[in-house]
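Colleague: Build the 3D model from these lines:
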Amino acid sequence: MSISLDKMDIRILEELQKDGRLTNQKLAELVGLSPSPCWRRVKRLEEGGVIDRFVTLLNAEPLGLQVTAFLMVSLEDHHPDTVAHFDELVSGLPQIQECYATSGMADYLLKIVISSMREYEELLIGNLLQVTGVRTANTSFVLKERKRTTALPLPTR
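Modeller: Below you'll find the predicted structure:
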């Protein structure tokens, strides 16, 4: 479902992507609306599926999560049972932050955030490589984060 966005909707989305904890009053001030129309627009964006949810983003390092890895996984086949089994395992592992079915050299790309190389090895060998149908798994480790954002690029009007 796609909804039409005007300049004011885009301004609201820009501000909410910067700070999802804004009160309606503060958001209305920032975008130049009165509170009631601002609230109605936010509700319309939520109901239209543009705003998915509000979350708190955590910093991994103070939580002891020192290792970020990207794992490319190829399966032996694409039988529905093989894919379902892999998807089920991935969805149950909290260390896997993101999982994408991809085209190209691998079937899946996983982003993993974990406390240590030892724990990564345990996750890889003890869980992911145990899945029937996994052919290969190739890891790239993050050396330094250069950019991280959750803000989506919004249309300009």
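Colleague: residues in contact with the one residue sitting closest to the centre of the chain?
Modeller: When CA atoms, centre = their mean is applied to the chain, the residue found nearest the centroid is residue 98 (5.6 Å). Contacts for residue 98 (CB atoms under 8 Å, 6 or more residues apart in numbering) come out as 109, 110, 111. Placement of C-beta: from N, CA and C, glycine included.
Colleague: Which one of those is nearest to residue 20?
Modeller: Distance to residue 20 across those (CB to CB) is lowest for residue 111, with 21.2 Å.
Colleague: Can you classify that closest one as helix, strand or coil?
Modeller: strand (DSSP: H, G, I helix; E, B strand; the rest coil).
Colleague: can you list the contacts of residue 98 in a markdown table and add pLDDT, neighbour count and distance to residue 75?
Modeller: Listed next are the contacts of residue 98 as a markdown table, based on pLDDT from 0 to 100; neighbours: other CB atoms under 10 Å; distance: CB to CB, whole Å:
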| residue | pLDDT | neighbour count | distance to residue 75 |
| --- | --- | --- | --- |
| 109 | 98 | 17 | 13 |
| 110 | 98 | 21 | 13 |
| 111 | 98 | 15 | 18 |
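Colleague: contacting residues for the residue at the greatest distance from the centre of the chain?
Modeller: For the chain, the largest distance from the centre (CA atoms, centre = their mean) belongs to residue 34, which lies 32.3 Å off. Applying CB under 8 Å, 6+ apart to residue 34 gives the contacts residue 28.
Colleague: how's the protein carved up into domains?
Modeller: Following automatic domain parsing, one gets these domains for the chain: 7-47, 61-141.
Colleague: and the shortest one, how far apart are its ends?
Modeller: Spelled out, it's domain 7-47. Start-to-end span of domain 7-47 (CA to CA, to the nearest Å) is 18 Å.
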